[in-house]
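Novice: Provided below are the primary sequence and the corresponding predicted coordinates.
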Amino acid sequence: EVQLVESGGGLVQPGGSLRLSCAASGFTFSSYAMHWVRQAPGKGLEYVSAISSNGGSTYYANSVKGRFTISRDNSKNTLYLQMGSLRAEDMAVYYCAREGYYYGSGSYYFSFDYWGQGTLVTVSS
Amino acid sequence: DIQMTQSPSSLSASVGDRVTITCRASQSISSYLNWYQQKPGKAPKLLIYAASSLQSGVPSRFSGSGSGTDFTLTISSLQPEDFATYYCQQSYSTSYMYTFGQGTKLEIK
């Protein structure tokens, strides 16, 4: 059974740092790109960051670029999100998600087929 | 960046109704469109991928259609467990920027 379990959320002061982890099991972690998505209280889903299966490529939304760093340890089946210079607007539930793929009609199609339960990050003084 | 716009933002319907939610992309995304369902306090759940393919385990009353810029999610006969928020997502971008629509909240009438 595929499982993604986030941890590391909590209360942090503005300007502070926090590292989120996402422990994966039930699949070959090193074969899949992974993503972080967040959801502020009462708001919609916001794409945050992505990392390729081998860690060689990363992407960040403009809202977190330069402040957040995504990484992975394929030997530990774990995804990370290092968050720095945290702001009130970073307060959200952070989800990790696996990028599943499907091959059809001559193309690969991608989706987030498994999600963790989420971890809450609260930014407040 | 590709922008995704859903309509309506909220919708009231009754059990047994047929419901359609629309998603429009700011540029052509072929069939690189996914639909998710989210219930309060829970993670999103994949319903439809590649615009019209039903994810394993998802009831057949859910269907997706469209290509290019215009897409629809249809629930043929609403069940009590279907009242939730629905999001579309494009996966066309080559830079992993798989943006979401703003969501459609489906409520009981």
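Specialist: That came in fine, so what should we check first?
Novice: In contact with residue A:43, which residues are there?
Specialist: Shown in contact with residue A:43 (Cβ atoms under 8 Å, 6 or more residues apart in numbering or on different chains): residue A:92. Bear in mind the C-beta positions are built from the backbone N, C-alpha and C, glycine included.
Novice: give me the element the residue nearest the centre of chain B is part of.
Specialist: The structure's chain B has its C-alpha centroid closest to residue B:35; by Cα atoms, centre = their mean the separation is 3.5 Å. Per DSSP states H and E: residue B:35 is located in strand B:33-38.
Novice: Quick one: residues in contact with that strand.
Specialist: Counting by Cβ under 8 Å, 6+ apart, A:45, A:111-112, B:23, B:25, B:44-51, B:62, B:64, B:66, B:71, B:73, B:82, B:84-91, B:103 sit against strand B:33-38.
Novice: Would you mind checking the average pLDDT for it?
Specialist: Per-residue pLDDT over strand B:33-38 has a mean of 98.
Novice: ok, it: who's next to it in the sheet?
Specialist: strand B:45-49 (antiparallel), strand B:85-90 (antiparallel) (DSSP bridges).
Novice: In the helix or strand just after the last one, which residues are buried?
Specialist: Same thing as strand B:85-90. For strand B:85-90, the succeeding helix or strand toward the C-terminus, using DSSP H and E, is strand B:104-108. For strand B:104-108, burial by neighbour count (16 or more other Cβ atoms under 10 Å in any protein chain shown) applies to B:104, B:106.
Novice: quick one, the strand holding residue B:35 and strand B:104-108 angle?
Specialist: 40 degrees (axes from the mean of the first three to the mean of the last three Cα atoms, to 10 degrees).
Novice: give me the beta-bridge partners of the residue nearest to the centre of chain B?
Specialist: Where residue B:35 sits in a bridge, its partners, by DSSP bridges, are residue B:48, residue B:88.
Novice: ok, longest strand in chain A?
Specialist: When chain A is parsed with DSSP state E, its longest strand is strand A:92-104.
Novice: Which residue is the nearest non-sequential neighbour of residue A:13?
Specialist: residue A:125 (5.3 Å; Cβ to Cβ, 6 or more residues apart in numbering or on different chains).
Novice: how close does the one you found get to residue A:63?
Specialist: Separation of residue A:125 from residue A:63 (Cβ to Cβ, to the nearest Å) stands at 21 Å.
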